[in-house]
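Undergrad: Need the 3D shape of this:
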Amino acid sequence: MVERARKTGYVPSKVIEDEFGVDSSTVRRDLARLTAGAETDAQILSCVKDAVPGTAVLCNTGCCIDNVERQLSVSDGAVVDFTFKIDGVFENAVDPHRVKTFMDKVKSIRNAAPRVV
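TA: The predicted structure follows:
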């Protein structure tokens with residue numbers, strides 16, 4: 001099952017229970033507390049990344065200019081929406097200045113990171 005998770009990127013409940021010795025319903029309940037825009041817990045990302053090495057793990061919520069460095073230190077990328085919108089409001093249009101500022105910071109983080117060959 002762990003091998004399947006590594007190949008597919010899907011982490012079934014059994015892997016969570018076997019790898020971490022916790023009831024997967026607890027993990028699911030903790031993850032369900034996340035709401036759109038709330039920062040993803042870096043410890044959870046790190047645990048998932050350790051469980052499925054070689055699999056891309058994304059920060060899926062709450063990544064913003066203030067925490068992008070921390071989030072990218074544990075994840076392979078991020079799904080970003082609110083942070084690009086005018087005033088950070090989902091219904092608003094994308095603000096090109098916010099996109100540029102965010103991506104400039106991401107580029108500086110990537111350029112500062114050691115290269116793995």
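Undergrad: okay, CA-based contacts and neighbour counts for the rest of this
TA: Noted.
Undergrad: ok, residues contacting the longest helix along the chain?
TA: Using DSSP state H, we find that the single longest helix of the chain is helix 96-112. If you take Cα atoms under 8 Å, 6 or more residues apart in numbering as the criterion, helix 96-112 is touched by 64, 65, 68, 69, 83, 84, 85, 86.
Undergrad: Helix, strand or coil: sort out the first one for me.
TA: The one in question is residue 64. Three-state call for residue 64 (DSSP: H, G, I helix; E, B strand; the rest coil): coil.
Undergrad: Cross-check the contact I'm expecting between it and residue 83.
TA: Yes - between residue 64 and residue 83 there is a contact at 5.6 Å, judged by Cα atoms under 8 Å.
Undergrad: residue ranges for the strands of this protein, please.
TA: In the chain, the segments counted as strands under DSSP state E are 58-59, 77-78.
Undergrad: Which secondary structure elements does the first one sit against?
TA: Of the remaining helices and strands, those touching strand 58-59 by 3 or more Cα pairs under 8 Å, 6 or more residues apart in numbering; DSSP states H and E are strand 77-78.
Undergrad: related to what we said a few turns ago, I'd like to know which of the contacts of helix 96-112 are part of helices.
TA: In this view, the contacts of helix 96-112 that belong to helices under DSSP H are 68, 69.
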